[in-house]
Each structure stands twice: as C-alpha cells, then as structure tokens.
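Colleague: okay, here's the prediction I keep looking at, along with the sequence it came from:
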Amino acid sequence: GESIRIGIAGYGNLGRGVEAAVAKNRDMQLVGVFTRRNPAELATLHAETSVNTMDDLAAHEDRIDVLILCGGSKEDLPQQGPVMAARFNTVDSFDTHARIPEYFETVDAPARAARKTALISAGWDPGMFSINRVYGEALLPDGDTYTFWGRGLSQGHSDAIRRVPGVAAGVQYTLPSEAAIEQVRNGSRPQLETRQKHTRECFVVLADGADPASVREAIVTMPHYFDQYDTEVHFITADELARDHSAMPHGGMTIRSGNTSDDHAQVIEYGLTLESNPEFTASVLVAYARAVHRLNQQGQFGAVTVFDVPPGLLSPKSAAQLRAELL
Ligand code: NDP
C-alpha cells in the first residue's frame, strides 16, 4: 500500500525520537517537523528533514495522515491536543495520569466533530505498562498489581534538585528495590510502603563555596520529592556529570500476582530496560500512528487510548501474515 505520512509537532527529545523511529519503519514517510521556534535554528537528526513553523501546518492538512504531538504534558498538550485533533489524526504521550480522563474529553469532542481519530497517552507509562496492567487484572481477578520504575532518570526530580541553593547542576535516578521485586515475584502479594518500593540516587555538582552537608540535608528532606524515600547524594564534578550522566535511561516493570485457586499462585511480568526513554517512547508512538491511520480509515472517530486498539493494527504485517507467523 501507500506509505503512511507522518508529521511531528514539537521538536524536543521525543520529537527527535520520532524522527529516528519513522526511519526504522518502511511503510512510513516523514513529511516534516513543525515547531513554535524559528525553523532556521533547529538542527535535525537527518539533514534532509523538512523543518516548518506550526503555522505551516495549515498548508499540510491533506498531506499528513497522522500528526504525532511531541509537546510536554504540562503546558503544551492541554493546549495543542484539542486544537490539533480538530485538524489531524493525532497520537500523543500525555502522561499526567490524574488528568487523563479530563484530557480525553477535551480531545474527544473536536476529533469526533472533524471525523478524526486522536490516540492519547501512548508511550510506556502510560502506554505499554497500562496494557499490561489491564491484562493482569482481567486474567487474574484475585490478585495485586505492582509497578516498579527504574533504574531511570527522572526529569521532575532532577529539576527539583537543581532548584536547591548551592546546587550548580545535577541529575536524579529512581531505583526499584530488588528486595521488594523478589517478594512480589515469589507470589506472596506483599503490602509495600512507598519507601520499600523505590530508592533515589542523586549526582550533584556543587556551586562555588556551597556546603555539601547542608545541600545533602536540603535534598533528602525535600517534601514529596525525597522525604518519603531513602535517598543517596553523590557529589561529582561538572566534567563527570557531562561524561557519565547525559543519557536518558529508564525502564521498569509491571507485575500481576494472583491466585487461581487456594493451591496456586500465578505471576505475570512485563519489563523494560531502556537506554533512551524518549527514543523508546517515540517508537511506541510511531507504531500507534499506524494503528490510528487504520482506525480512522475504518471510521472510528474521536479520542481513543491504547485500550481501544487491537494489537494487530500496530503491526505493518497483514492479519493473515500475523496468524501464520506469530500466533
Ligand atoms: P522536551 O522538553 O524535550 O520538549 C517539549 C517541547 O518543548 C517540544 O515539543 C518543543 O516544542 C519544546 N522544546 C524542546 N526543546 C526546546 C528548547 N531547547 N528550547 C525551547 N523549546 C524547546 O520534552 P520531551 O520531548 O522530553 O518530552 C515530551 C513529553 O513526553 C513529556 O512532557 C512527557 O509528558 C511525555 N513522555 C511520556 C512518556 C510515556 O511513557 N507516556 C515517556 C516519556 C515522555 P517546539 O519545537 O514547538 O518549540
């Protein structure tokens, strides 16, 4: 068939990841990147990528099958999601879990009215982890679901330590507790406190003249971010930060532990080990863009989530090919 034409709205980490992911899918082509910034100032991954302003989207409404929204969940998507869903089929990675129901409504109405399909909150959490939580609950109704994150770089916690007086720069990693994972894997269905599930590790570059002991104290006692966790703080140089902490690794696992009878415990596990969180998230968005294109052709309009997408629609292979090769 014809290749699926993809547009990228917003060019940060995720936007760059989508550019890389489209190049790995032979049934897709990249129409271009659309940005609020000056296109002349963006250096793209691939020299041939076309860079445009958001205003240029108007001229591309018939040339883009799916627009992948790569803006931030906090400020960008609440504004861009509903506007774009009235003009394009869209996929986004809105990840503010508590706000997903209201965001769904704001995108659903304009998409329905325009006969467009808007898939919200894809990625890995929300996204692939969400799907596995549904499978777990449905297959093992008498059970408990556990989600562990890490080892991974947390943007929010890294921002929080950079705001501490005396900190010049720094990053924060979230680590799952191996002891807690072991307890869950053995089927004992433990009740775990926040402090037992994850620990936090900070790598901090001190500002000139800052006192390490008071910086450490300010970090480990910070309400919400660190006070409910065991936190380690390591002081390093700016060179070490640049050398060892520039990647954006992440990952984690969802585990469902349930009992099918008094005699038998069952454990389901889905895990991710990611060298680059944005590149993996982008790969998920691109597979869902394929599904959204097909759902729209089938006449399913409005907002949808990963729960509404049959897995076969993610694959470039036909249903017959999938039955023969993967069933
Ligand atoms: P970025 O901050 O890198 O980019 C967000 C937007 O900011 C871009 O679309 C871009 O818009 C603008 N921007 C990027 N770089 C600059 C810059 N140097 N100066 C000014 N503006 C800039 O965020 P990420 O790409 O890392 O993440 C986007 C969202 O993805 C996150 O908010 C998160 O919600 C979500 N996410 C979801 C996951 C999931 O599993 N569901 C996992 C990981 C992330 P423009 O080009 O228009 O200026």
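Modeller: Cool, got the structure.
Colleague: residues contacting Arg63?
Modeller: Counting by CB atoms under 8 Å, 6 or more residues apart in numbering, Arg63 makes contact with 5, 31. (Each C-beta comes from the backbone N, C-alpha and C, glycine too.)
Colleague: where do the helices of the stretch 51-200 of the chain begin and end?
Modeller: Assigned by DSSP state H, counting those that start in this stretch, the stretch 51-200 of the chain shows helices spanning 77-85, 100-113, 128-139, 155-162, 178-185, 194-197.
Colleague: what are the contacting residues of the shortest one?
Modeller: Spelled out, it's helix 194-197. By CB under 8 Å, 6+ apart, helix 194-197 touches 146, 148, 176-177, 179-180, 228-230.
Colleague: just how off-centre is that helix within its chain?
Modeller: Offset of helix 194-197 from its chain centre (CA atoms, centre = their mean, to the nearest Å): 23 Å.
Colleague: using CSV, write down the CA coordinates of that helix.
Modeller: Extracted C-alpha coordinates of helix 194-197, given in CSV (Å, rounded to 0.1, in the frame of the first residue of the first chain):
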residue,chain,number,x,y,z
THR,A,194,6.5,3.9,49.2
ARG,A,195,9.9,3.7,50.9
GLN,A,196,10.1,-0.1,50.4
LYS,A,197,9.5,0.0,46.6
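Colleague: now that helix: buried residues?
Modeller: By neighbour count on 16 or more other CB atoms under 10 Å, the buried set for helix 194-197 is Lys197.
Colleague: what's the answer for the fourth one, then?
Modeller: Applying a neighbour-count criterion of 16+ other CB under 10 Å, one finds 157-158, 160-161 buried in helix 155-162.
Colleague: got the helices of the stretch 51-200 of the chain as CSV, with mean pLDDT columns?
Modeller: CSV is the format used below for the helices of the stretch 51-200 of the chain (pLDDT from 0 to 100):
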stretch, mean pLDDT
helix 77-85, 98
helix 100-113, 98
helix 128-139, 98
helix 155-162, 93
helix 178-185, 96
helix 194-197, 92
